[in-house]
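1. sequence unknown, structure follows:
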């Protein structure tokens, strides 16, 4: 197994085994096979129309009682029968769980840090590389921008090359200004595709290390020995509290595919729990 130098997080011993179910061609029957018109945000917004979504309302505490869970936020209180926590494990410590998480679960967030990634989009008037017979994808082990994809809109009205700073490259670039990062990206694209890559008309970037709701990217990865010690606790519920998020996925963890499958898994688990509770209540009523 070849590993690109400077990946978002250092690989722990045995971590490649955890990745084994997702090894293979990501763009062919894999997690990156399809693209969503309008981007993944469009999917999230459509789903949000069907739900009561509270933005900028982080949970401050989650208190369990016999048959309810009370979630305290800065804007008020929410009451539910079951709760799903779908944030990265690295952020569990920001929530006051009462009763507290069991020891191994409580320590999980200390052993599953987020990686370091800066995502960039360099914009051109057209996807000119296609005229040269290039697909816009590039990898460079020694480049600060080590991964590049063609992220142009489907109608070809503009050309967009998506690039990533990862790991040490991202941490070093994070200390620079946007103009300096843009220059580094441009130089990398020139090395991949030629001088025409300098003729960009726009540049957009996002440093995930500064995102308060994730703390990094692409996802949480166990430190050395963490998987063996804390791995079994990843998907374990804590009373009425269930844990989802892409880090808990069995396949394609770290991708939106993994996040969706993890959500489906916990939804099914909650349905099963509620069904068992209903069956137990009916049986108890029959005895009375």
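-> Received the coordinates, thanks. Quantities reported herein were computed from a predicted structural model and do not represent experimental measurements.

2. so which strand or helix has residue 260?
-> helix 256-287 (DSSP states H and E).

3. Can you tell me the closest non-neighbouring residue to residue 88?
-> Residue nearest to residue 88 in three dimensions, not counting chain neighbours: residue 220, with 4.9 Å by C-beta to C-beta, 6 or more residues apart in numbering. Heads up, the C-betas are built off the backbone N, CA and C, glycines and all.

4. Contacts only, for the one you found.
-> For residue 220, the contact set (C-beta atoms under 8 Å, 6 or more residues apart in numbering) comprises 88-90, 112-114, 247.

5. Pipe these into TSV and attach neighbour count per row.
-> Below are those laid out as TSV (neighbours: other C-beta atoms under 10 Å):
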residue	neighbour count
88	21
89	25
90	21
112	24
113	19
114	23
247	25
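
6. Can you give me the neighbour number for the closest residue in space to residue 243 that isn't next to it in sequence?
-> Nearest residue to residue 243, sequence neighbours excluded (C-beta to C-beta, 6+ apart): residue 85, at 5.2 Å. Residues contacting residue 85 under the criterion other C-beta atoms under 10 Å number 22.

7. same check, this time on the one 10 residues further on
-> Residue 95 is flanked by 19 other residues according to other C-beta under 10 Å.

8. mind checking the backbone torsions on it?
-> phi -110, psi 130 (degrees, to the nearest 10).

9. That one and residue 176, how far apart?
-> With distances taken as C-beta to C-beta, to the nearest Å, residue 95 is found 33 Å from residue 176.

10. Show me the chain divided up by domain.
-> As given by automatic domain parsing, the domain ranges for the chain are 40-112+221-287, 116-210.

11. Relative to residue 34, which of those is closest?
-> Smallest distance to residue 34 across these (C-beta to C-beta): 9.6 Å, for domain 40-112+221-287.

12. For the closest one, what does the pLDDT average out to?
-> Computed over domain 40-112+221-287, the mean pLDDT rounds to 90.

13. didn't residue 61 look like it was pressed against residue 100?
-> No: with contact defined as C-beta atoms under 8 Å, residue 61 does not reach residue 100; the gap is 11.1 Å.

14. who has more neighbours, those two?
-> residue 61 (13 against 10).

15. give the contact list for the more buried one.
-> Counting by C-beta under 8 Å, 6+ apart, residue 61 has contacts 71-72, 95-98.

16. need the contact list for residue 193.
-> The contact partners of residue 193, by C-beta under 8 Å, 6+ apart, come to 129, 132, 134, 136, 138, 161.

17. hmm, back to that, name the nearest of the contacts of residue 61 relative to residue 35.
-> residue 95 (33.6 Å).

18. Enumerate the beta-bridge partners assigned to the closest residue to residue 99 other than its chain neighbours.
-> Taking C-beta to C-beta, 6+ apart, and ignoring the residues beside it in sequence, residue 99 has residue 64 as its nearest neighbour in space, at 6.6 Å. On the basis of DSSP bridges, residue 64 is bridged to residue 69.

19. Okay, residue 64 and residue 79: tell me how far apart.
-> Residue 64 is 11 Å from residue 79, by C-beta to C-beta.

20. Kindly report the same for residue 101.
-> Using C-beta to C-beta, we find residue 101 at a distance of 20 Å from residue 79.

21. So which of these two has more stuff around it?
-> Using other C-beta under 10 Å as the criterion, residue 101 and residue 79 rank with residue 101 on top: 23 against 10.
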